[in-house]
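J.: What follows is a protein structure lacking sequence information:
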């Protein structure tokens, strides 16, 4: 019998009493035999521990996937929209489910025509297919670690910014970015990659409200912004953070006008240099109030941006039909926790609530 | 469906015996505790899930020890392990930033558990590398024989050897190769 067989049988307890005694006596008296046995025993124990470890790890990771995991498969907005949220959809200017998202021709009660503006105002969505090469060149030099993480996933067709309106998983972004989307994912410093479903849209205001499919992480964080309904004035210092590229970018300036292009009273004019990808980002004042959402910029003039006034968000929320959803669409009107903090500290607290939006199209 | 409440002891026994239903309930019960701690201390949901799973593995390893005794609430024990693991990881990455250690939860000393875990983890890592180098079918043959206690006839059949002596020879060769890899430095 080979030594290993002897060891195996001894460990499995399948030796005869006489052989067992012989092994035990050799273990006491023959050093080399004892060393060989000890190695064998350690190896077998290692094999068992390894298997046990692999199994329990698998068990926990399966439980996690089933209980808290993100849905890895791409969810079609159109489908889930019709199935689950069909009746939740609020469209301020009547009409429309997702099919209407492809057109911008609706005249709103406010009396402005988006179709006319389109030629003059550049939508600030980041068309990834067009910008891809220059983007990668920039990113490659700056932060390879972060992009490596993101490279695990297929590149989105369009990327931009969005921000949470509370810590219950709801966020808003520009409707022009997500129109005709097949699926929408968000990512930032807090969320690795989470899918989101459309909850409500307003064609005229160019706002879409979404809900994250995973709300556990964000619900643990304190919501930093306030929707305090105060009067903004020309000259107020304002800033935004957003994702014109894969890393978050800060931009500041002032409120230039209380109306937008063509005296559109639904918008502010701002002097923040905004770029493709900034669309959907929050416009914040010094006290941490969200006063608007970045919408676009004037094509023929640099440094002229436009933001939709956040006051109008309430109008969309009011029109939501589903009471359970409506009950969750609560806006914080208490003082912002950002007030009085250094700008860098404010940004740290805001970052988890500002998302890089990735839009996939069929 | 009735909702079952488990005691700490139920959870410990469930861990000892790999009881799937209990493990599931345990997992769900303390996930938010660890998630909250990690995301509020420079982590994200992904790192929180990793730390939580490692925490439960430490717990699992410990309850298997015959000497294991729980001297505090299970929640405190889990929180302490998670916190320890997460701080180690932050330090390893050299980025203790935005650290907000307000400790609203009680902690107990788990230094021994953590150091045992790291030692064990490096052994398992070593075994994993050795097994990966070894490849198939050796890996499965050895596991089948030494862990799942299949006999040579069963192994011979499973891997299509002409007879159990051939299977036995193969197993012997595999074991020798594993031994060389595992004990080499």
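T.: Yes, it's here. The model shown is predicted, which means the values in this text are computed figures rather than measured ones.

J.: Skipping its backbone neighbours, what lies nearest the residue of chain A found nearest chain B in space?
T.: As assessed by CB to the nearest CB, chain B sits closest to residue A:217 within chain A, at 3.8 Å. Using the backbone N, CA and C atoms, a C-beta is placed for each residue, glycine as well. Once flanking residues are discounted, residue A:217 sits nearest to residue B:45: 3.8 Å by CB to CB, 6 or more residues apart in numbering or on different chains.

J.: Contact partners for the one you found?
T.: Contacts for residue B:45 (CB atoms under 8 Å, 6 or more residues apart in numbering or on different chains) come out as A:190-192, A:214, A:216-217, B:35, B:39.

J.: ditto for residue A:243
T.: Residue A:243 touches A:126, A:159-161, A:249, A:277-278, A:281, A:354-357, counting by CB under 8 Å, 6+ apart.

J.: name the element the spatially most distant residue from the centre of chain B belongs to?
T.: What lies farthest from the middle of chain B is residue B:162; by CA atoms, centre = their mean that is 37.5 Å. Assessed by DSSP states H and E, residue B:162 sits outside every helix and strand.

J.: ok, now the one 4 residues further on?
T.: Element membership for residue B:166, per DSSP H and E: helix B:164-183.

J.: what does chain A have sitting close to chain B?
T.: A:2, A:4, A:12, A:39-40, A:43-44, A:46-51, A:53, A:55-57, A:59-61, A:63-64, A:67-68, A:189-192, A:214, A:216-217, A:220-221, A:348, A:352 (CB under 8 Å from any CB of the partner chain).

J.: And the residue farthest from the centre of chain B, how far from residue B:156?
T.: Separation of residue B:162 from residue B:156 (CB to CB, to the nearest Å): 8 Å.

J.: Could you pull up phi and psi at the closest residue to chain A within chain B?
T.: For chain B, the residue closest to chain A is residue B:45, as judged by CB to the nearest CB, at 3.8 Å. Dihedral pair for residue B:45: phi -60, psi -30, per degrees, to the nearest 10.

J.: Could you report the distance from it to residue A:214?
T.: For residue B:45, the distance to residue A:214 - CB to CB - is 7 Å.

J.: shared neighbours of those two, anything?
T.: Common contacts of residue B:45 and residue A:214, defined by CB under 8 Å, 6+ apart, comprise residue A:191.

J.: Name the SS class of residue A:185, please.
T.: strand (DSSP: H, G, I helix; E, B strand; the rest coil).

J.: need the contact list for it.
T.: By CB under 8 Å, 6+ apart, the contact list for residue A:185 reads A:153, A:156, A:193-196, A:357-358, A:360.

J.: among those residues, which two are most distant?
T.: Maximum pairwise distance among the contacts of residue A:185 (CB to CB): 14.7 Å, between A:153 and A:196.

J.: who's more crowded, the two?
T.: Counted by other CB atoms under 10 Å in any protein chain shown, residue A:153 and residue A:196 do not tie: residue A:196 has more neighbours, with 27 against 13.

J.: The helix or strand that one falls within to strand A:183-187, inter-axis angle?
T.: Assigning secondary structure by DSSP H and E places residue A:196 in strand A:194-202. Angle between the axes of strand A:194-202 and strand A:183-187 is 120 degrees (criterion: axes from the mean of the first three to the mean of the last three CA atoms, to 10 degrees).

J.: so for strand A:194-202, what's the average pLDDT?
T.: Strand A:194-202 carries an average pLDDT of 91.

J.: For it, enumerate the helices and strands it packs against.
T.: Applying 3 or more CB pairs under 8 Å, 6 or more residues apart in numbering or on different chains; DSSP states H and E, we find strand A:194-202 packed against helix A:77-80, helix A:175-178, strand A:183-187, strand A:207-212, helix A:313-318.

J.: give me the number of residues near residue B:111?
T.: Residues lying near residue B:111 (other CB under 10 Å) number 9.

J.: Contact partners for the residue lying closest to it once chain neighbours are set aside?
T.: Distances taken as CB to CB, 6+ apart put residue B:84 closest to residue B:111, at 7.7 Å, once the chain neighbours are dropped. Residues in contact with residue B:84 (CB under 8 Å, 6+ apart) are B:110-111, B:114.

J.: Confidence-wise, which helix or strand of the chain is lowest on average?
T.: Using chain A here. Least confident helix or strand of chain A, by mean pLDDT, DSSP states H and E, is helix A:77-80 with a mean of 34.

J.: meant chain B actually
T.: Per mean pLDDT, DSSP H and E, bottom of the list for chain B is helix B:152-159, a mean of 86.

J.: Straight-line length of stretch B:145-155, end to end?
T.: Distance across stretch B:145-155, first residue to last, is 8 Å (CA to CA, to the nearest Å).

J.: Equivalent analysis for stretch A:226-233, please.
T.: 17 Å.

J.: Next: stretch A:153-172.
T.: Start to finish, the residues bounding stretch A:153-172 are 23 Å apart (CA to CA).

J.: Show me what counts as buried in it.
T.: For stretch A:153-172, burial by neighbour count (16 or more other CB atoms under 10 Å in any protein chain shown) applies to A:156-172.

J.: Could you do stretch A:249-264 as well?
T.: Buried residues in stretch A:249-264 (16+ other CB under 10 Å): A:249, A:251, A:253, A:255-256, A:258, A:260-261, A:264.

J.: cool, and stretch A:41-50?
T.: A:43-44, A:46-47, A:49-50.

J.: how about these in a markdown table, adding pLDDT and distance to residue A:319?
T.: Below are the buried residues of stretch A:41-50 laid out as a markdown table (pLDDT from 0 to 100; distance: CB to CB, whole Å):
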| residue | pLDDT | distance to residue A:319 |
| --- | --- | --- |
| A:43 | 91 | 69 |
| A:44 | 92 | 68 |
| A:46 | 92 | 64 |
| A:47 | 92 | 64 |
| A:49 | 91 | 60 |
| A:50 | 93 | 59 |
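
J.: and which of the residues you listed is nearest to residue B:68?
T.: When those are compared for distance to residue B:68 (CB to CB), residue A:49 comes out closest, at 16.2 Å.

J.: residues contacting the nearest residue to residue A:40 once chain neighbours are set aside?
T.: Distance criterion CB to CB, 6+ apart; nearest residue to residue A:40, sequence neighbours excluded, is residue A:7 at 4.5 Å. Taking CB under 8 Å, 6+ apart, we find residue A:7 in contact with A:36-37, A:40-41.

J.: repeat for residue B:172
T.: Taking CB under 8 Å, 6+ apart, one finds A:2, A:4 in contact with residue B:172.

J.: try 10 Å
T.: A:2, A:4-5 (CB atoms under 10 Å, 6 or more residues apart in numbering or on different chains).

J.: Which of these are buried? Put it as a ChimeraX command.
T.: Buried residues among these (16+ other CB under 10 Å), as a ChimeraX selection:
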select /A:4
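
J.: Any idea which residue is closest to the centre of chain B?
T.: residue B:57 (3.7 Å).

J.: thought that one was touching residue B:117?
T.: Yes - here residue B:57 lies in contact with residue B:117, judged by CB atoms under 10 Å, at a distance of 7.6 Å.

J.: Quick check: neighbours shared by these two?
T.: Counting by CB under 10 Å, 6+ apart, the contacts common to residue B:57 and residue B:117 are B:81, B:85.

J.: With pLDDT and secondary structure as new columns, can the contacts of residue A:7 be given to me in JSON lines?
T.: Shown next, in JSON lines, are those (pLDDT from 0 to 100; DSSP: H, G, I helix; E, B strand; the rest coil):
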{"residue": "A:36", "pLDDT": "88", "secondary structure": "helix"}
{"residue": "A:37", "pLDDT": "89", "secondary structure": "helix"}
{"residue": "A:40", "pLDDT": "91", "secondary structure": "helix"}
{"residue": "A:41", "pLDDT": "91", "secondary structure": "helix"}
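
J.: List buried residues within those.
T.: Buried among the contacts of residue A:7 (16+ other CB under 10 Å): A:36-37, A:40.

J.: how about these in TSV, adding distance to residue B:184?
T.: Converted to TSV, the buried ones among the contacts of residue A:7 look like this (distance: CB to CB, whole Å):
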residue	distance to residue B:184
A:36	16
A:37	19
A:40	16
